[in-house]
Structures are given as C-alpha cells and as structure tokens.
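Novice: Kindly return the folded structure for what I paste below:
(2 chains)
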Number of protein chains: 2
Amino acid sequence: MPVLRFLWILILSVLATGQVWAAGPQHPVLLLTAAEAPPLRQALADPGQYPLLTESYAALRARADAVLAQPITVPVPKDPAGGYTHEIHTRNYYALQAAGVAYTISQDPKYARFVRDMLLAYSKLIPTLKNHPEAKSSSPGRLFHQALNDCNWVVYSIQGYDAVHDFLSPRERRQIEDGAFRPMTRFFTQDLKSWFNLIHNHGVWAATAVGLTGYALHDQKLVNMALRGTQNDGKSGFLAQLSQLFSPDGYYTEGPYYARYALSPFYLFAQAIENNQPELRIFEYRDQILRKALDATLQLTNTDGRFYPLNDALKEKDWTTRELVAALSIAAQRYGPDNTLLALVRQQRQVLVSPGGLLLAKAMQQAGPTLPPYARRSLLYRDGAEGTEGGLAVLRTGPLAAQTSLLFKYTAHGLSHGHYDKLGLVLYDQGREVLPDYGAARFLNVEAKEGGRYLPETKSFASQTVAHNTIVMDETSHFGGKESEAEKHAGQAWFSDLSKPNAQVVSAKANDAYPGVQLQRTVVLVQDSTSGKPLVFDVMRVAAPASHQFDLPFYYQGQLISTSFRYQRAAAEQRPVGKRNGYQHLWQEATSQPGAGSATLTWLDGPQFYSLTTATDSATRLVLARIGANDPNFNLRPEPALLVRRQLQTGVFASVIEAHGEFNPIAETSVGSRSNVAAVTVLFNSPDATVVEVRLVRGGRYQLAIANQDAAATTAHEAAYAGQTLRWQGPYQLRHLPE
Amino acid sequence: MPVLRFLWILILSVLATGQVWAAGPQHPVLLLTAAEAPPLRQALADPGQYPLLTESYAALRARADAVLAQPITVPVPKDPAGGYTHEIHTRNYYALQAAGVAYTISQDPKYARFVRDMLLAYSKLIPTLKNHPEAKSSSPGRLFHQALNDCNWVVYSIQGYDAVHDFLSPRERRQIEDGAFRPMTRFFTQDLKSWFNLIHNHGVWAATAVGLTGYALHDQKLVNMALRGTQNDGKSGFLAQLSQLFSPDGYYTEGPYYARYALSPFYLFAQAIENNQPELRIFEYRDQILRKALDATLQLTNTDGRFYPLNDALKEKDWTTRELVAALSIAAQRYGPDNTLLALVRQQRQVLVSPGGLLLAKAMQQAGPTLPPYARRSLLYRDGAEGTEGGLAVLRTGPLAAQTSLLFKYTAHGLSHGHYDKLGLVLYDQGREVLPDYGAARFLNVEAKEGGRYLPETKSFASQTVAHNTIVMDETSHFGGKESEAEKHAGQAWFSDLSKPNAQVVSAKANDAYPGVQLQRTVVLVQDSTSGKPLVFDVMRVAAPASHQFDLPFYYQGQLISTSFRYQRAAAEQRPVGKRNGYQHLWQEATSQPGAGSATLTWLDGPQFYSLTTATDSATRLVLARIGANDPNFNLRPEPALLVRRQLQTGVFASVIEAHGEFNPIAETSVGSRSNVAAVTVLFNSPDATVVEVRLVRGGRYQLAIANQDAAATTAHEAAYAGQTLRWQGPYQLRHLPE
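Specialist: Residues are numbered from 1 along each chain as shown, chains lettered A, B, ... in the order given. As a prediction, the model looks like this:
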C-alpha cells in the first residue's frame, strides 16, 4: 500500500508542477538519503508501530506546517539575538530543514514549494547584505549579528534544499545556489577566512556549513575546504578539529557546555561524509573519537542532566537539548543503539527521522516501561589532542538518584571561552550545587541583556580566578588573566586512585599559574561509615618564592546558618573586597580573624545542611562576600562566598566540605544541623610531603598523607610531628583511626 | 475470627500482667472510642481492602515500634528547639500517641507496657521540673522551652494514656495522673492562668490539653475550664476561641499559617467533645464554623499547596502537614467525606486510624486513579468574630494547574503574629511568587538560629510595613508599629465585584494606619484577550492632611532584566535606605528620578518574565533595594524590591503587574521579554473619584474609574480631564477601548 500511495503522490506532484526534474545522483544526499526514505515511510505507515518515531515526525511536520501557514517572511536583518528578525530567521531555518524531511517522507509537494519559495526569497535578500547592523564581534554575520548564526542557518537550510533538489527546475537551483548558498560559503571561506580556519566550535559549525553545501551542490572543492581548511593543508578544517579539539578520551577542550554545542555539527557533517565519502571511515576516525566525544559529553552532566558549567556556560542547559537529539540518533545508526541511553531518549521525547532514529524508536518499543538507568561514573579525562594537557576528574559516590559529584579541573585553558580556574573544584549533591561554578554572565537570547550576548561581567568577573573555588595570589588571576599566556600551560595530573569506592583520591598541580609558584591540590571523596553523605577532603598546597597573599574562595548557595567563628559584619555600609580582577564585584559582607584552630561555616540549601570546615592559623582571615558590587546593569546573581585569606610563602589550605542533617519545615523537624567535623589540622608540611588530620565529632579521625615531589608507587615518605613519625610508601596514604 | 483473636489477645494480656483492670466507662474515650475499634480492626484485617488505611496504620505502628525498640529515654529538659532533649520529648509524645492507637487496634500488650513505662518515667520527671533553662518567652515551658510545646506533649501523651487506661492498675493510673498530667494541667491553668485564658492559638492548644485530660481522667472541672476558661465565665476557653478567632466565613484571624496550626487542637478537642458531650453539638456550633474554618484554611493555599505566608509564617509549610491530616479525617467523620479533597488526601498519604480515616480510605478506593481536582476559587473573606473587621480578598484566574492568584489583605491586625501590612498585596503565578510576602524571619527548629524561635528580624523587619507590598508614610510603620494600637483598627472593604471572570475587582480602605490619612487601594485582575497571562491593575490612593513622603514597595524574585528608566547604581559603596522601621535592613542598590510618564521594571524568575509599570510624575523617585543591611547574624534572605517614592498630600500610585513571554535556555529561545504595557497614567483624582488609564503596546487601552467617597450602586460620578468628561454610575467602571 505505501508504494501505491507513493506513486500516487508522485503523479499528483507531477500534475501539480508540470514536471519532475531529476539529474545526477538522486537527492537527498546529506543526512537522510533517498535510499533510506522508503523504510522510514514504512515504519511511519502504522502510527502505533513506533510511537516515538511517529511523534518525532509529527513534531517536525508541525514545525514546518506552522511556518507554512503564514506568508513567507524573510525580513532585512536588523535585530540582535532575541529580537524580531533574529527569531524569524532562526524559525525559518528550522522550518526549511523540517519541511525538507517532511517532503522526503511524504512527497507532499506543498513542502517542496515552501522550501523553494523561501529559499528563492533568501536568494534575493542575501546578495544585498552587508555586515549585520548589530554585529559587534570580530566575526560579524550577515543574516545574524554573528557569523556563527549564519553558519547555523546554512547547516539547516541546506538540508531543506537538498531534500527538494530534485523537485526544482535547473533555473531555480541556479538561482538558489548562486543567490543564497554560494554567497554564504564565499563569505565564510573568503571574507572570514581566518575565522573559518579556527580550531574552535565556531570553526566546526563553519566547516559543517561549507561541507554540507559542498555535498549538496556536488562541489568537492567546497567539501575539501571544509575537511582540510581553505589552504587544503589539513592544518584546519573538520579533520583537524576532530584531531585537536578532543583529547584521546573524548574530552572537548572548551568544556562540556560547548562540547554539547559542537557535537551537533560534528555529528551532522560526519553523517554527510559517511553518506558521500564512506571511504573516509569518519566514524572510525581516531579510534572512534566521535563515540568517545558523545560519551564524555553525556558523562559531564549532573544527575539532573544539566551540563557541568565549566568555562563560559549557561547553567540551565541540559542534555535534552536538540543538539544531542541529533547526535544520539546518528550514533545509534553508526555505532549501534545503546540501551543505557534510552532513558535520555525518553526525556528528549524525540529522535531524528532517520535510520538511527528508527533504531532508537524500535529499541524503545522493545525496552518497555522500565528503562535501564544511565550510570554516571567516576572518571579521569585527559585534556589536549595528545592527552598531555592536564585533565578533569569527576569523582562520584552514592546511589544513582542521590549522587554526590566532585569535579576537579586541571585542564588546559579551553580557548576563548576558558576561565582562569586552574585546580578549581565544583561540588554537587544531587541537583544542588554545594560549591557552585558561576558559569558565564549571560542571558541567552534575552534582547534586553545586550542582545543575549556574553555580558561584560563574563570577562570582568565570571572568568576571573576569584569567581571560582580555587586559589588566588595577590588578588590577580592565573596567568595574569591573559588568554595568550593561559593557552601555553595546562594543569598536571599528579596522582589518582579511584580503586576504593569509599575513598577516591585525585591530586594535581599547576606550576605556571603564577611565576615561580607551585600549586598542588589533592581531593578525597570519603564515604565515612558513620555519616550518610560523603566528606570531601580538600588540601591545597602553595609554595612560592616569597611571601604573598593567597585567597581560597568557596562559593555556596542558600542561607548562612551558623559559624564557629565571630565576625565583624558590614552593617550599615558595604564596600567591595578589592579593586580589580573580579574582586571589585564582591561585596565584603563580613570579616573575621578566627585564630588558630578550625573554622566552620554552615549553610542551608533547601532541606539540606552543608558545612565547610577549614584549618586556620593565627594570621588567617576570613571574608564573607557576596557577588554584586560594581554591577551597573544588575547582570550578576547575588551569590555568597567564603574567602580564606592567608599571607604565606609556603603553606597548606586544608578543608572538609560535607552535607549533613535535614531541615524539614513541613514535619517541623530539623536534625543534624551541626557539622560532623570537629577539626581540620595540618600536621606536617615539607617540600616532600603534607599530612592533614580530620577529626570527627562522633569520634575517630582520618589522616591523609600526600607526596609532593615524588609520586612513585614505591617511594617511601616520612613525616615527623608531635613526637611521632608517620611513614608510608607511594603517593598518598589515607588512614582512619577509630578513637 | 477477629472476635476470637481479640479474646485470645485479651487472655494473653491477662496472663502477661496477671490482671485486667476495668472500672467506669470503657477506654479509650477521647478521639477513637472503644466501640469504634472493632470495625477498624475488621477493615484492617485484609491489608488489601483499604490500602490507605493499612499504610496509615503501618506508619503509625512503625513510629511506635521505632521508639519501643530503644530503652525508654526521658531526659532532663535542657535544649532549645532543634536540640537533643527537645527532639527526644517530641519523638516521645508522638510515640505515646501512636502506641496508644496500636494498642487499641492490636491489643498487643507490648504497646500498653511501653506507654505505661514511659508515662511512669514522665510521672517521676515532671514533678521535679522548674521552668525550662532555655525558656525565654512570657509563657515558659517545663519539658520544652515554651509552654506551647508542653501543651503539645499533653495533647498527644494523654491519647496514649487514654488508650491503655484499662490496662493499668489503679495505682499506676494514680501515679501517672498525679505525677504527669495533673501537674501539667495545674501548670497551665494556675501558673500560666492568664496565658491559658488567651484567645490565641496557644490558648487553643492549652484548652485542648486540659480538656482532653479532663475527659480521660473523668474530671469535668478540667473539661469545664477548657471549655469556658478558668473562671468558668465563657470569656475564654475553647468555646470563646471558636467564637472569636474565626470570622463567620471561617477566616482565622492570625492568618492561614496559624489557622493550620490551630485547626489541629480545634478538631481534636471537638472530636473528644462529640464523643463525651454530644449534647454540645460542637460540630454544628456557629453554623458549622469548624467546617468553614477547614475550608478557608485549604482555600488559603497556593496552587502548590503552600499556605499563603500572611503575618508570621514559614513559607515552606504546605497542606500535607500532619495537622491537616487529623482535621480531614475528623471532618470526614462529622461532615461526610468530600471527594474534592481526595487529591489532597493522596498527597498526604495518610489518614487517621479512625472512623473518619476509614471513610476517606473507602472513598479513595471507590474514586480510582483519577481524582477530582481541588478547585481554588476567587473568594472574599470577612475578618473578625462578627465579620466586621475588614477582610481578605483572593482573586484567581487561569486553569487550575496554572493559576494566577492575587491576595489583597485588609484584615484586622491578627494578634501577636500580625504584620503591619494594611492593604498589602501578594501575587502568585502558579508556584512562583511574583510579589512575595517575606513571611517571618525564622528557621523552624534550627538550633543554631536562636533555637528555632522567631528571630529578632521578624520584629525589626519582617513585620514592619516596608517589608510588604503596601504603602509606608514617612518611613514609619502602620499604627506606629504598635500592636496595641493596630489591634484597635481593621481595614475596611469598600466595594468588590467578582461577577466578571475577566475583570475581578476589589477595593478597600485603611483610614487609621496613619492619623488623619486616608488610604484606599483598588485592584483589578484583568484577563486581557491579547495576552496569555492576566494583568494586575493596582491603584493606591492617598489623602493626607499635609504633605508627607510615601513609599510603595514592590518586592520581587529573580534577576533584574531591564528598566525603562536610568538609575544611579551604588557601585562601590552601599548604604541602607533608612534608619529604622525596617528601612535599616534594606540596602540601597540604586536610585532614579525617572521623570513624568511611566516607569517599567522587568525581571526574570525561572522561565518567566515579569514587569511592573508604574505611573510617575516629575518628582517621583525610585529606589532599587535589597534586603540584608544591619543583619548581624545573616538571618535575612537577600531579596530585591522596587520602592516607588513620592512626596505628596493627596495622590495616586497606579501600577500594572504582569507576566509575559518565556525564557527557554534549553531550546535557546526567548520571546516576549518586553512588557505588554505601554503606559500607566492617572487621568483624574478628586475626593470623589479617581481615573487611571492603562495603554497596551499592542494597541488599545483600559480606563478604570473608581468611586472614593460613595460606593453606592446608583450614585453617578463624573471626572473631567483633557477636555472630556467621563460619567459613570456605581463604585467603579472598567472600560476597554480598542484603538
């Protein structure tokens, strides 16, 4: 029956247009090929057979139909992100892509006519365009304020063109190719040549736009530029991007938020390459780097699916984002469906209308209502193309639904969106941010917030070192806050041991953040048997050539409940903590000189109490701060922080962070509102080794001994303190001493 | 079979204890009578018959079993709320009550022995007690820091005693009655006599404690004191409380948060009265005031079930609270089950193990999986025993799941927990607080926050006028912030019209908040056909004998997105807005003199944009403020506000508040981020009438005309402005003028 129906539609469409043009290979050729359409049509013939595919196709058609129902609107570009013309052109390219698929599946000529008419309109507009009036970056766009969005436009619109190619007359094709797509690819590869050749997420989108256009227009020159750069030397272009932007483990150097964004063109272009140049074996490239990249991007989400907001990132973004829908369907086609991802597919509620989407829809049908859980594991990712530029540790513990996750960042800088946060920590307790990362200062697509672009406070605050949970010397950021300098140096993995689920250890160094200053941070995620939630031991060691001021900030969320120390509160006048490098954005709410011992800060976030306990000496100062000073346009969120400040040449910041107790205002119970940690003490610190002790309120203590200069498994270390000598072998020793 | 089993258990228990004491009427007599036990036993015999009852009984037994499994612990009182002894004594009284019901149903003597042994321990402790060491209020407790908690202890423990009464030897009974319960009731009725006689939620708990004890001990004198006060004159006690604390509509004068708390003893004592003195017909009292009170308390919750935080209130508290579980089961028994409450019962996941609980469990079985929705309606509640002391309006619109709710408060003061917020507004959009009420400054049961008591900032900030969305004159609170003065005056309903779902209107006055100053506020909840979400028109009229400074604060939540006006931001130094009456707690973040016209502030809360647009004149000043100054212990939440400040003798503050657009960071779309309101203008203001115009961006305008001196339906009014004369009849006229 479907075949008959198809023939009937074909006849109708011939009658409607008077002709069917077909020359060269049958289109579409890009993401969904002409040969792949019939089985999809069959799968969709019975709507109940694969509901997920049916719904995805219906959603896609609805997206096209909504725009189809209105007059073609192709306005002269005027507005920034969030504004009218921006939103219309964005809507249009999604509609072009959707109508293309709808035409491929249904062969209903109304979709082909829609794509034709809209692309003809664009082919008249585009040649008239200069740079966008709101363009402000070094890569201005024409349809949009930045060229990146112009690339998005091409990537989606060319799919629409590819789908209706055989429907168009040669003259229409020429008009559209010469009026819309060739000017665009010329714009990218000539006017913006150096930008096009960047190894950067923009570059991936640009290469994909040009590469897809090349395949659709049967212009192998364009394809080659996309694959190997405008010089065709392989120093830039898609293959170089695949080689350089991911580490051998699949970690994307800009961080997970941009990995998510780049995965979309990576997978789309790879899919077109496989369909057109299968001999490149692109999905096997670099030992299946595309598979590893997807896996790493998914692992770098929190329990609620939100991407860890390392570097410039919007914290709301989660893994249901459309970029991952495409990647999951294509990965299913090329690597086979992975049933542990079905729970995510169900959240996304859509698949591509493609062979991969069909595979996922089938797998979903077979899986039934209870899907296997997606397991987030403890992981060590190397950064850098060779895996030699530091890395990122993710330590996790607890049942899947109530996981604690500790991120420890000692990666390379991460290109233009990188933050100056070597050895930074981010801690989550389920969906709650215990030690948050600020992310970027940006309100995506909100026109009133500078057209939805990155706000100035991203540079002046969010990317600065003091905006992170890591150490700052002399109120200056790592590498002097200079990207060119930061790009030269990565952190360094020192040692790690994930073999013991109840005590996962990672140690890393950063010896270039400040000239001549050695920084080493060691974290342990300890599942203590007497408390339900884990303890995070955090030992930051500093060794400088001379005495300096060091600040170790800990950001938190929620309400301060109690402190073990007295403080002087800024009651009737409040001033910033400092003058520059992000400090000018912190209100100084209170200061304290707690004296030697341990200082504990307890806060409440929702139903959960949290405490941070840090070792103090007689000169330690504490600053309670809140983001928001020198923020002329209210662009910053007023979140609180504790800064531990010490003047020293060499020394150790030792702290424990923990969740404890429960606040239940409905049952009117409040239990365990006090920290389980009695004291944190630095017992010993030498160039060779550091020993820290954590005493618990319930009795018992932990001793963590760390090797600073020689992390070999067989090297013996010793530390003498308080009349005793501790000896151990290897990079670290964690002892639990019951009372 | 149950009868045989019962006999068998009876025999066993005789064997175990050597005797069964039974004299006088068979116990229990309080909430669940001996005669009511057999049908409950039968209903529980098959666990699958009424799952909700089965689970409730299992939970209750588990609560008893958990404490039973440990040694009896009756510590000498020492700690404040949230501390060890507080939590243990609280746990104990719940366990005593639970074990009592478990014994009544199961007749398992282990429960009776547990209640006996624990009460014997209390009977030794209680006579030794003086005031609690942490007692700080004028009504100190003995077991707890405040007598209120001692009353809670009696109310629950006496149920345990009542249940095992027949199991105890006369000597044990004497020991427990003379050692535990009589000292407690003497303490309440003699040592704390004036407190006991208060018409206040504490008084209700005290009366219930003494009344239940009276019935259980067959001491009618105690019962009479509980019903009619220690002087037996009916000026205080339970009946006076029922008469005076509720308005004829069931509105509880302290507000919904305390209504929830008081409903528990009201229903518990009423249940015992009905079981012991049915001739009082307590559930029919005041035209079924108990039914009306429950209905009003449920209606005064937001869509998410949280109680509106009027007066001192904890904002987290919702209608799943245990107090309402008891009230719902008892109401079902006495007034018949109400199927529209089954959705709430399902959320609560428990019922009383009682005839009413059985009715609810049966209704739940019959209802099936899809329960009828609970409908929150637009309502006008009168306040005061006679219904003459102002009131509270709740205007609602939108589908149940996405309701907008506007509260307008012109009640009486509300006793010692009342706030100085005459004519205050609170606005909700589904679960989001658009114009929030701060509630109280308190962290319930969090020991580190002053033992979980009300914090000093409740008086110094949260109860002050400037902490609310209502008008403040000369930076002083209504009634000079004096409770005694505030208790003399209520607001005054002026006119209202809920007959048009798309334009609900309420107007009220407060002419005593400041000497000689007339305040009138009129609000309209407008469902404009061109925008999805409603508009709130807000017209606050002021007429004073001389010129004064008036501030109208609007609190909001989330991030400031844009303003239509320029402002001077406190960049590097921040000071409080004022010196006293709550102003000392507001940081002045920015100020503006916007000039004549309209000023719009737009903010983002989650996915939703909100705007406030207010009419300004050349002298209007705007203050952007944030809570948190002069807060030495970080007790306040740092929430933002806009204060509209004008110097005037008579004038009108006219504003529109609206939700608009959507921010979707996952789909990366942002639509409608600008206000739909083009301008708000005061066209006319005289002693007789006020006319305000609201112009929409999409074209069209509204004109709202308000009668200020004569609200009779037949009175004609006119207002002349801009060369035209507007004439209307009656208290108001709202016209929509399409462009």
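Novice: Now for A:Pro594, which secondary structure element holds it?
Specialist: Using DSSP states H and E, A:Pro594 falls within no helix or strand.
Novice: tally of neighbours for it?
Specialist: Residues near A:Pro594, counting by other CB atoms under 10 Å in any protein chain shown, number 21. Quick note: C-beta positions are derived from backbone N, CA and C, even for glycine.
Novice: For the closest residue to it other than its chain neighbours, give me the pLDDT.
Specialist: Nearest residue to A:Pro594 in three dimensions, chain neighbours excluded: A:Phe565, at 3.7 Å (CB to CB, 6 or more residues apart in numbering or on different chains). With respect to pLDDT, A:Phe565 has a value of 98.
Novice: Isn't A:Phe565 up against A:Ala596?
Specialist: No - counting by CB atoms under 8 Å, A:Phe565 does not reach A:Ala596; the two are 11.6 Å apart.
Novice: the more surrounded of those two?
Specialist: Counting neighbours by other CB under 10 Å for A:Phe565 and for A:Ala596 shows that A:Phe565 has the greater number, 17 against 11.
Novice: Wasn't A:Val505 part of a helix?
Specialist: No - secondary structure of A:Val505 (DSSP: H, G, I helix; E, B strand; the rest coil): strand, not part of a helix.
Novice: Return the set of residues that bridge with it.
Specialist: Counting by DSSP bridges, A:Val505 is bridged to A:Asp497, A:Val524.
Novice: Count the neighbours of it for me.
Specialist: 24.
Novice: how close does A:Pro77 sit to A:Gly398?
Specialist: Separation of A:Pro77 from A:Gly398 (CB to CB, to the nearest Å) stands at 50 Å.
Novice: neighbour-wise, which of these two wins?
Specialist: More neighbours surround A:Pro77 than the other of A:Pro77 and A:Gly398, with 25 against 17 (other CB under 10 Å).
Novice: So which residues of the stretch 351-500 of chain A form strands?
Specialist: Using DSSP state E, counting those that start in this stretch, the strands of the stretch 351-500 of chain A run over A:379-382, A:391-397, A:404-410, A:424-429, A:432-435, A:472-473, A:492-497.
Novice: just for chain A, where's the confidence low?
Specialist: Low-confidence segments of chain A (pLDDT under 70): A:1-24, A:531.
Novice: Geometric centre of it: which residue is closest?
Specialist: Nearest residue to the geometric centre of chain A (CA atoms, centre = their mean): A:Tyr257, 1.7 Å.
Novice: Could you name the helices and strands sitting against whichever strand or helix holds that one?
Specialist: Element membership for A:Tyr257 (DSSP H and E) is helix A:256-276. With contacts taken as 3 or more CB pairs under 8 Å, 6 or more residues apart in numbering or on different chains; DSSP states H and E, helix A:256-276 sits against helix A:147-164, helix A:201-216, helix A:220-228, helix A:238-244, helix A:285-299, helix A:322-335.
Novice: mind running it again at 6 Å?
Specialist: The criterion is 3 or more CB pairs under 6 Å, 6 or more residues apart in numbering or on different chains; DSSP states H and E, and the helices and strands that helix A:256-276 contacts are helix A:201-216, helix A:285-299, helix A:322-335.
Novice: Tabulate those (a markdown table), appending mean neighbour count and distance to A:Ala513.
Specialist: As requested, the helices and strands packed on helix A:256-276 are arranged in a markdown table below (neighbours: other CB atoms under 10 Å in any protein chain shown; distance: least, CB to CB, whole Å):
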| stretch | mean neighbour count | distance to A:Ala513 |
| --- | --- | --- |
| helix A:201-216 | 28 | 25 |
| helix A:285-299 | 20 | 25 |
| helix A:322-335 | 23 | 32 |
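Novice: Looking at those, which is nearest to chain B?
Specialist: Nearest to chain B, of all the helices and strands packed on helix A:256-276, is helix A:322-335, at 7.1 Å by CB to the nearest CB.
Novice: Name the next helix or strand downstream of that closest one, please.
Specialist: Beyond helix A:322-335 on the C-terminal side, the first helix or strand identified by DSSP H and E is helix A:342-348.
Novice: list the buried ones in that next one?
Specialist: Buried residues in helix A:342-348, defined by neighbour count with 16 or more other CB atoms under 10 Å in any protein chain shown: A:Leu342, A:Ala343, A:Leu344, A:Val345, A:Gln348.
Novice: what's near enough to touch the second one?
Specialist: Taking CB atoms under 6 Å, 6 or more residues apart in numbering or on different chains as the contact definition, A:Ala343 lies against A:Leu371, A:Tyr374.
Novice: residue contacts, A:Val692?
Specialist: Residues near A:Val692 by CB under 6 Å, 6+ apart: A:Val539, A:Ala654, A:Val682, A:Leu704.
Novice: Quick one: neighbours of the third one, just the number.
Specialist: Right, A:Val682. By the criterion of other CB under 10 Å, A:Val682 has 19 neighbours.
Novice: same check, this time on A:Ala135
Specialist: Other residues near A:Ala135 number 18, with proximity taken as other CB under 10 Å.
Novice: Which residue is the nearest non-sequential neighbour of it?
Specialist: Per CB to CB, 6+ apart, closest to A:Ala135 is A:His145, 5.2 Å.
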